[in-house]
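Visitor: make a model of this:
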Amino acid sequence: MGSLSPQISAVMPAFNEEGNLERCVVRLAHTLHARTSAYEIIVVDDGSQDGTAVLLERLRGTYPALRIVHHQVNRGYGAAIRSGFKAARYTWVFMMDSDNQFDPADIDRLLARSEQADIVTGYRRRRRDPLARRLNAWAFFTLVSLLFGRLARDVNCAFKLIRRDLLMNVELTCDGALINTELFVLARRRGARIIEVPVEHYPRTEGRQTGANPKVVIRAFKELLAFRAAREKELKKAA
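Guide: Residues are numbered from 1 along each chain as shown. All right, here's what the predicted structure looks like:
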């Protein structure tokens, strides 16, 4: 393992994940307890309308390392990630979705490379999402590559280990799904060391995916074009 007894803040966004959260938190807590000298699990409830909030309060009674950040309304995936990053207190920030499509124990693969990196990012060895979502992702990241060059093999893979001091020195602004693209663009600009490792991906068995929702897709493309325009403006100003 790359880091001996690391200290980790795990950040998980959650929107209407009542059917997934308990299993996800329990598995993650057991994983981190066995691998860290200190840890916290920060779940950002992004305006859920199901029983997510009540479930989290119950889990907090059993898992004192669980911290809860509530958004009164649904602000978007990127906004939830940013709130979690802001709340993180430990040396490493581990980012994972709360839908049980990843095995928390795969963090071993990230930790094994952490001494050589500022970001260790997973890529899904085989993506287990519906065809529509995979097609949307292909179209989106083809455009990302055209606009920004290669950032990573699987930019949106929600399984990343990031140095907190790097996060403190990049200004993330995206509220939607573009947050991962923004992170990589800004990190590379700072010369961050990024290592990619394969991780397993599993089908969702509870709840609804929002990644293929037309509103989410349109928002992502709008954010992408706005982000590109802002970067071009910065380059012209610096020239």
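
Visitor: any regions of the protein where pLDDT drops low?
Guide: Applying pLDDT under 70 to the chain flags residues 1-4, 207-214, 235-236, 238-239.

Visitor: where do the strands sit along it?
Guide: Ranges of strands in the chain, per DSSP state E, are 7-14, 38-46, 66-71, 92-96, 119-124, 159-163, 194-199.

Visitor: any chance of those strands in TSV, plus mean neighbour count and distance to Lys233?
Guide: Glycine gets a C-beta too; all of them are placed from N, C-alpha and C. Formatted as TSV, these follow (neighbours: other Cβ atoms under 10 Å; distance: least, Cβ to Cβ, whole Å):
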stretch	mean neighbour count	distance to Lys233
strand 7-14	26	29
strand 38-46	23	29
strand 66-71	18	29
strand 92-96	25	28
strand 119-124	24	26
strand 159-163	24	26
strand 194-199	17	25
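
Visitor: redo those strands as TSV? Include distance to Arg231.
Guide: Formatted as TSV, these follow (distance: least, Cβ to Cβ, whole Å):
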stretch	distance to Arg231
strand 7-14	25
strand 38-46	26
strand 66-71	27
strand 92-96	23
strand 119-124	19
strand 159-163	21
strand 194-199	18
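
Visitor: which helix of the protein spans the most residues?
Guide: The longest helix of the chain (DSSP state H) is helix 214-238.

Visitor: what does that one contact?
Guide: 76, 78, 136, 140, 143-144, 147-148, 174-178, 181-182, 185, 210-211 (Cβ atoms under 8 Å, 6 or more residues apart in numbering).

Visitor: please pick the buried ones from those.
Guide: Buried by 16 or more other Cβ atoms under 10 Å: 76, 78, 136, 140, 144, 148, 174-178, 181-182, 185, 210-211, out of the contacts of helix 214-238.

Visitor: you'd agree Asn20 is up against Asp99?
Guide: Yes: counting by Cβ atoms under 8 Å, Asp99 is a contact partner of Asn20 at 5.2 Å.

Visitor: who's more crowded, the two?
Guide: Counted by other Cβ atoms under 10 Å, Asn20 and Asp99 do not tie: Asp99 has more neighbours, with 24 against 21.

Visitor: please report how far the more buried one lies from Arg109.
Guide: 19 Å (Cβ to Cβ, to the nearest Å).

Visitor: for Leu59, same thing?
Guide: 26 Å.

Visitor: follow-up on the earlier one: mark which of the buried ones among the contacts of helix 214-238 are part of helices, please.
Guide: Using DSSP H, the buried ones among the contacts of helix 214-238 in helices are Gly78, Asn136, Phe140, Val144, Phe148, Thr181, Glu182, Val185.

Visitor: farthest-separated two in those residues?
Guide: Asn136 and Val185 (20.2 Å; Cβ to Cβ).

Visitor: tell me which residues touch the residue lying closest to Leu167 once chain neighbours are set aside, please.
Guide: Closest residue to Leu167 apart from its sequence neighbours, by Cβ to Cβ, 6 or more residues apart in numbering: Phe85 at 5.2 Å. By Cβ under 8 Å, 6+ apart, Phe85 lies in contact with Val11, Val93, Leu167, Leu172.
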